[in-house]
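> Quick one, what's the 3D model for this:
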Amino acid sequence: MEGAISKPPYTRRIAVVTGGNKGIGLEVCRQLASDGVTVVLTARDEKRGADAVEKLKALGLCDILFHQLEITDSSSIAALADFLKTRFGRLDILVNNAAVSGVEHVQEVDTNEEKFNGMDLNQRLEWVLKNIRDTVDGAKKSIQTNYYGTKHVIDTLLPLLQSSNGGRIANVTSAYGLLRVSFFLPPLVMESQIPVDQYYHIQGIFFYAQRINNEEIRQELDDIENLTEERLDELLGKFLKDFEADALEMHGWPVGLAAYKVAKAAMNAYSRILARRNRALRINCVHPGYVKTDMSMSSGVLTPEEGARSVVNVALLPDGGPTGAYFAMGQEASFV
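As a prediction, the model looks like this:
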């Protein structure tokens, strides 16, 4: 309309963080806001999300907003997209942090962290695996949330990211999502018992690489030039069918946090497919390390602040930086 005053463009970067009300997600919100980014903190629960925003504002971080988001609800995702389009017209950074473990605790969890004193990382992981149980319902929820929920968020917000001059997607993943399962190795064990081609190290810390047993699945998930979303759907469907038939080991699937591992592996693969299709964006996966959170039952060795810093560094990669890559605790590494 003639004479209308146009709204000036919003100059600060805009970020959405899923699962932002606690743990790593809350710390990602705090650190991004501290770096001058406008943050839309999202959470399933409106009260917890709003309380988290007030907590950050009490630290002097004012440019933080809350928007409710349930990543398994298409209408909730659409509402977030409409809000972003109306308020900002674009999205610069998407951090996909929301996730579920998909397991049950075998007993009431002792929340006293002192029990982990004197345990190394491998012993802590062993404790966790002894205190959880995979279930069919949990496996379905894990796949639906950690893969399909995250994928739907990405697909819906992608046009807004493409409207940015430098869109970024940081998908929070895990070493469990690699095409191997990694365990910390004490130096004496590493030097005396493990063949050199079966371990690797990050920042001087050695990890044992126990590969997923099904070679065909590993190759398919790593064949990004030929892998399709439809084939990922088929593989996830086969996994759930084998889970229900109690045939995971028979078909070479991982066990112990099985659905969490498979969902993260599938999201890693989808991230790489997406990066190939959208060269102008920076789309990466980041493993924050083994962090003290509710999901790890507080057994982690890193604080949420330390884990979040790795995620934020990937979310703020410079123009022309890596895309379709995997970062582990601050360093670019291999998906396999």
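
> Which parts of this protein are helices?
With helices called from DSSP state H, the chain shows them at 23-34, 46-57, 74-87, 121-130, 136-142, 150-162, 187-193, 215-222, 229-244, 258-277, 304-315.

> Out of those helices, which is closest to residue 109?
Taking C-beta to C-beta, helix 121-130 is the member of the helices of the chain nearest to residue 109, at 9.9 Å. (Each C-beta comes from the backbone N, C-alpha and C, glycine too.)

> I'd like to know which elements that closest one is packed against.
strand 180-184 (3 or more C-beta pairs under 8 Å, 6 or more residues apart in numbering; DSSP states H and E).

> which residue ends up closest to the midpoint of the chain in space?
Nearest to the mean C-alpha position of the chain, counting by C-alpha atoms, centre = their mean, stands residue 172 at 2.1 Å.

> Enumerate every residue touching the closest residue in space to that one that isn't next to it in sequence.
Using C-beta to C-beta, 6 or more residues apart in numbering and skipping residues adjacent in sequence, the residue nearest residue 172 is residue 97, 4.6 Å away. Residues counted as contacts of residue 97 (C-beta atoms under 8 Å, 6 or more residues apart in numbering) are 17, 18, 19, 20, 24, 25, 28, 172, 311.

> Please state the backbone phi and psi of residue 97?
With angles defined as degrees, to the nearest 10, residue 97 sits at phi -110, psi -30.

> on that earlier part again, show me the contacts for the residue nearest to the centre of the chain.
Residue 172 makes contact with 24, 95, 96, 97, 99, 285, 286, 287, 288, 311 under the criterion C-beta under 8 Å, 6+ apart.

> what residue ranges in the stretch 201-336 of the chain score low on pLDDT?
For the stretch 201-336 of the chain, the stretches with pLDDT under 70 are 201-212.

> switch the cut-off to 80
Low-confidence segments of the stretch 201-336 of the chain, defined by pLDDT under 80: 201-213, 329, 336.

> do the same with the stretch 51-200 of the chain
Counting by pLDDT under 80, the stretch 51-200 of the chain has low-confidence residues at 107, 109-112, 121-122, 180-200.

> Now with 90, please.
By pLDDT under 90, the low-scoring segments of the stretch 51-200 of the chain are 105-115, 120-130, 175-200.

> number of nearby residues for residue 303?
Neighbours of residue 303 under the rule other C-beta atoms under 10 Å: 15.

> Residue 216 now?
Using other C-beta under 10 Å, residue 216 is surrounded by 9 other residues.

> Check the gap between it and residue 226 for me.
Look at residue 216 and residue 226: by C-beta to C-beta, to the nearest Å, they are 13 Å apart.

> what's the answer for residue 275, then?
Computed as C-beta to C-beta, the residue 275 to residue 226 distance reads 15 Å.

> More neighbours: those two, which one.
Neighbour count, other C-beta under 10 Å: between residue 275 and residue 226, residue 275 has more, with 20 against 7.

> And the closest residue to the more buried one other than its chain neighbours, how close does it get to residue 27?
Leaving aside its chain neighbours, residue 275 sits nearest to residue 324 (3.2 Å; criterion: C-beta to C-beta, 6+ apart). With the distance defined as C-beta to C-beta, residue 324 ends up 25 Å from residue 27.

> Compare these two (neighbour count), which wins?
Shown here are residue 324 and residue 27; by other C-beta under 10 Å, residue 27 has more neighbours (24 against 20).

> show me what contacts that one?
Shown in contact with residue 27 (C-beta under 8 Å, 6+ apart): 304, 305, 307, 308.

> cool, residue 305 as well?
Counted by C-beta under 8 Å, 6+ apart, residue 305 has contacts 27, 31.

> distance of it from residue 163?
To residue 163, residue 305 is 32 Å away according to C-beta to C-beta.

> next one: residue 22
Computed as C-beta to C-beta, the residue 22 to residue 163 distance reads 30 Å.

> Likewise for residue 219?
36 Å.

> Those two: which is more packed in?
Relative neighbour count places residue 163 above the other of residue 219 and residue 163, with 15 against 12, counting by other C-beta under 10 Å.

> which ones are touching the more buried one?
Counted by C-beta under 8 Å, 6+ apart, residue 163 has contacts 89, 90, 91.

> if we go to 6 Å?
By C-beta atoms under 6 Å, 6 or more residues apart in numbering, residue 163 lies in contact with residue 90.

> And it, how far from residue 85?
9 Å.

> Give me the common contacts of those two.
By C-beta under 6 Å, 6+ apart, no residue touches both residue 163 and residue 85.

> So what's the gap between stretch 164-178 and the chain middle?
Using C-alpha atoms, centre = their mean, to the nearest Å, the distance from the centre of stretch 164-178 to the centre of the chain it belongs to is 7 Å.
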